[in-house]
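S.K.: Pasting the sequence and the predicted coordinates here, then a few questions.
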Protein chains: 2
Amino acid sequence: MTRIGSRTTGRPTLAEVARLSGVSPITASRALRGISTVAPELVEKVKQAATTLGYVANPAARALASAQSESIVVLIPSLSNQLFIETLEAVHEVMRPRGLEVLIGNYHYDIAEEENLIRNYLAYQPRGMLLTGFDRSDAAKQMLAASGVPCVHMMELGVQEQGMSVGFSQHQAGGAAAQHLLERGCQRLGFIAAQLDPRVMQRAEGFRQALVDAGRYASELQLLSSQPSSIGLGGELFRQLLAQHADVDGIFFCNDDLAQGAILEALRLGVKVPQQVAMVGFNDLPASAHMVPRLTSIRTPRAAIGRCAAQALLGLLDGKRGTVHNQDLGFELVVRESS
Amino acid sequence: MTRIGSRTTGRPTLAEVARLSGVSPITASRALRGISTVAPELVEKVKQAATTLGYVANPAARALASAQSESIVVLIPSLSNQLFIETLEAVHEVMRPRGLEVLIGNYHYDIAEEENLIRNYLAYQPRGMLLTGFDRSDAAKQMLAASGVPCVHMMELGVQEQGMSVGFSQHQAGGAAAQHLLERGCQRLGFIAAQLDPRVMQRAEGFRQALVDAGRYASELQLLSSQPSSIGLGGELFRQLLAQHADVDGIFFCNDDLAQGAILEALRLGVKVPQQVAMVGFNDLPASAHMVPRLTSIRTPRAAIGRCAAQALLGLLDGKRGTVHNQDLGFELVVRESS
DNA sequence: CTGAAAGCGCTTACAG
DNA sequence: CTGAAAGCGCTTACAG
């Protein structure tokens, strides 16, 4: 059973399928790949032989011969944010039916790690790549460009020269949160953020700008932590902001887990939400609708982003260049009880 | 830039590295793979040439020549349960430094989908496989056995004939939850479960048996739903159980998200936890410690399971057969405020 | 519409 | 300790 030292896999090969169906290996190959130049009756024969033998093509041989694998690579900064899981699942749903393997690379919000992943995955000769945002090392960008592998960027919206992208305006989303809290009559508006990745900072800037425009920006109410975002941290930061600025009456959180932690901490502290402090989260994660009070949040189209980015990439592979270069999928303010 | 129709990748090859360092390709190959028969000075030369050229080995060629890839496959039933994410991350941490690529297959709790994944991934000639539990189709088991690919099972504990496993006793964990609630003086003990995968059912059975032994088993208080587990469903099922059996005074939830939903729903309903109903969750997910009241839960060693299973698999690959065949990593009852 | 030849970029198996 | 030859299982490029 252990094939140590063996050169063969023991699995049926194309040659065997060809022999069984009485055609040449090349015809068998074409038949199995659905290349239309093969006579229908031969296709039938070959397919049947393949089934009989339990033939599954060797991806390594295929990749070596064609200088292309049947895989696409998705690079995401984190697996612990439910957000990206939903994006990944959507990508899978588009790619799997097309017979494309999805290789997942998690770079833990580390630019250097992303660069390494790109170097390694490029060796696999993927058909295409799905990247998160635009913020990466120059070396990474050069490798990608030199490889000629088609890329689509997810989550943020870029400009033409940055390549294709599918996402929404993080900046506008931050502005929408501010607008909503202002309309609710909040005077002293705070912002609590963690992780501080590029998209968080874009939301922060959108929030800030809207407050500046309204003459309500207060820098002392902006609480930024570079730690990973979590429920526990959200509670801590909320307590901290409240201790230092008891007059804060509205807070935008850069991610729902922070807001969930804050809302639970408020419950413990006896702080009334939204009467004393209104709260708005971001992403509308599954738990948010069930908080006490139910959390107002900005719903982001992460599944749609995964789906559309995958389809855009397939479009590139099929040679249909650039239908829409920067696809804006928008966002939605979901008003619940916390604001 | 577009290499459509080209046979080559445009990337540097082993032959070029060999030429630059003045050795044969085979020596270059050995030097780069760290095979000790190569003279140290040659190794140095070759490595330098590789760096100069930016050489990265072509995995497809390597896999084809050696009939083995540098990858291992991990099959998990779900990505939306945080549990498996932590296991995956731990597997990565062990495999990446060894240069092994981790292919992730999510079969969405679907036995047929798992069988397909196994068929497809076996074609990649993985070095080994990490599987979740023991419950799979006969065809899948046969393919695995026929392939000779080393496997380690995660999460559950098996018996010798089932192969290696790393996990804990799901049955005992269910029993421990029951024991704890009994010690707290609960009389009418309920069980709320969803998803109903094999491990959930083992916990259910452990819980049931402990209650039977204590003379406190009440079948009408067992609420099982085959829907996916979620916070929302937890709230619903809790309300339902309470409406039908107002005297329930202790509940074990098969997963923390259900318990979190119930604890939030209790807050809304004005049901005192633990005074009126004590609650115990399972897995101790990150949010649980922050609930109001803080949730008692059974902490499961999912990261350790990933790490140890990965190490056990590496042990198999290195030929160190079966140190421990069934590794029990235990679990821990974390008592907080909800019980 | 079909096929014989060559080759993708490595490693194995065998010599020396 | 090093290397020439062969081959892994496919597909490309070229004929016919």
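M.R.: Great, that's in hand.
S.K.: List the backbone torsions phi and psi for A:Phe134.
M.R.: The phi/psi pair for A:Phe134 (degrees, to the nearest 10) reads phi -120, psi 0.
S.K.: distance of the closest residue to A:Leu224 other than its chain neighbours from A:Asp257?
M.R.: Using C-beta to C-beta, 6 or more residues apart in numbering or on different chains and skipping residues adjacent in sequence, the residue nearest A:Leu224 is A:Ala193, 5.0 Å away. Placement of C-beta: from N, CA and C, glycine included. With the distance defined as C-beta to C-beta, to the nearest Å, A:Ala193 ends up 12 Å from A:Asp257.
S.K.: Looking at those two, which one has more neighbours?
M.R.: The residue with more neighbours, out of A:Ala193 and A:Asp257, is A:Asp257; 30 against 25, by other C-beta atoms under 10 Å in any protein chain shown.
S.K.: Would you confirm that the more buried one contacts A:Gly234?
M.R.: Yes. Using C-beta atoms under 8 Å, A:Asp257 is in contact with A:Gly234, at 6.1 Å.
S.K.: what about the stretch 201-339 of chain A, any weak spots by pLDDT?
M.R.: A:320-323 (pLDDT under 70).
S.K.: give me the residue from it nearest DNA strand D.
M.R.: Nearest to DNA strand D, among the residues of the stretch 201-339 of chain A, is A:Leu317, at 13.2 Å (C-beta to the nearest atom of the strand).
S.K.: tally of neighbours for that residue?
M.R.: A:Leu317 has 15 nearby residues by other C-beta under 10 Å.
S.K.: cool, and A:Val324?
M.R.: Neighbours of A:Val324 (other C-beta under 10 Å): 12.
S.K.: Contacts only, for A:Arg307.
M.R.: By C-beta atoms under 8 Å, 6 or more residues apart in numbering or on different chains, the contact set of A:Arg307 is A:90-91, A:93-94.
S.K.: Are any of these buried, and if so which?
M.R.: Burial by neighbour count, judged by 16 or more other C-beta atoms under 10 Å in any protein chain shown, picks out A:90-91, A:94 from the contacts of A:Arg307.
S.K.: Let me know the closest of the residues you listed to B:Glu337.
M.R.: A:Ala90 (38.0 Å; C-beta to C-beta).
S.K.: Now that closest one: closest residue in space that isn't a chain neighbour?
M.R.: Nearest one to A:Ala90, counting by C-beta to C-beta, 6+ apart, is A:Gly306 at 3.1 Å.
S.K.: Could I get the buried residue list for the helix or strand hosting that neighbour?
M.R.: According to DSSP states H and E, A:Gly306 maps onto helix A:302-317. Buried residues in helix A:302-317, counted by 16+ other C-beta under 10 Å: A:302-316.
S.K.: near DNA strand D, which residues of chain A show up?
M.R.: A:7-9, A:11, A:13-15, A:25-26, A:29, A:32-33, A:55, A:57-58, A:61-62, A:64-66, A:68 (C-beta under 7 Å from any atom of the strand).
S.K.: what's the spacing between the residue in the stretch 101-250 of chain A positioned nearest to DNA strand C and A:Pro228?
M.R.: Using C-beta to the nearest atom of the strand, the closest approach of the stretch 101-250 of chain A to DNA strand C is made by A:Ala123 at 8.4 Å. Going from A:Ala123 to A:Pro228 by C-beta to C-beta gives 30 Å.
S.K.: More neighbours: the two, which one.
M.R.: For A:Ala123 versus A:Pro228, neighbours defined as other C-beta under 10 Å are more numerous around A:Ala123 (18 against 14).
S.K.: Could you find the closest non-adjacent residue to the residue of the stretch 151-300 of chain A found nearest DNA strand D?
M.R.: Here the residue of the stretch 151-300 of chain A nearest DNA strand D is A:Cys151; by C-beta to the nearest atom of the strand that distance is 21.3 Å. Distance criterion C-beta to C-beta, 6+ apart; nearest residue to A:Cys151, sequence neighbours excluded, is A:Met129 at 4.7 Å.
S.K.: Hey, what's the angle from the strand or helix carrying the one you found to helix A:302-317? Just curious.
M.R.: Assigned by DSSP H and E, A:Met129 belongs to strand A:128-132. Put simply, strand A:128-132 runs at 150 degrees to helix A:302-317, going by axes from the mean of the first three to the mean of the last three C-alpha atoms, to 10 degrees.
S.K.: by contact count, what packs against strand A:128-132?
M.R.: When contacts are defined as 3 or more C-beta pairs under 8 Å, 6 or more residues apart in numbering or on different chains; DSSP states H and E, strand A:128-132 sits against strand A:71-76, strand A:151-155, helix A:302-317.
S.K.: Kindly recompute the last result at 10 Å.
M.R.: Contact partners of strand A:128-132 among helices and strands, from 3 or more C-beta pairs under 10 Å, 6 or more residues apart in numbering or on different chains; DSSP states H and E: strand A:71-76, helix A:82-95, strand A:101-106, helix A:111-122, helix A:138-147, strand A:151-155, strand A:164-167, helix A:302-317.
S.K.: residues of the next helix or strand after the last one that come out buried?
M.R.: Translated: helix A:302-317. As assigned by DSSP H and E, the chain's next helix or strand after helix A:302-317 is strand A:326-328. Under the neighbour-count criterion of 16+ other C-beta under 10 Å, strand A:326-328 has A:326-327 buried.
S.K.: Quick one: distance of strand A:326-328 to the chain centre.
M.R.: Centroid separation between strand A:326-328 and its chain, computed with C-alpha atoms, centre = their mean, to the nearest Å, is 15 Å.
S.K.: Given that strand, what are its sheet partners and their directions?
M.R.: Its sheet considered, strand A:326-328 pairs with strand A:164-167 (parallel) by DSSP bridges.
S.K.: quick one: A:Arg188 and A:Val248 touch, right?
M.R.: Yes. Using C-beta atoms under 10 Å, A:Arg188 is in contact with A:Val248, at 5.0 Å.
S.K.: what's the overlap in contacts for those two?
M.R.: Contact with both A:Arg188 and A:Val248 is made by residues A:218, A:220-221, A:277, according to C-beta atoms under 10 Å, 6 or more residues apart in numbering or on different chains.
S.K.: Can I have the buried ones of the residues you listed as a ChimeraX selection?
M.R.: Only the buried entries of the shared contacts of A:Arg188 and A:Val248 go into this ChimeraX selection, using 16+ other C-beta under 10 Å:
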select /A:221,277
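S.K.: For the shared contacts of A:Arg188 and A:Val248, give me TSV that also has distance to B:Gly99.
M.R.: Formatted as TSV, these follow (distance: C-beta to C-beta, whole Å):
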residue	distance to B:Gly99
A:Ala218	51
A:Glu220	49
A:Leu221	48
A:Val277	51
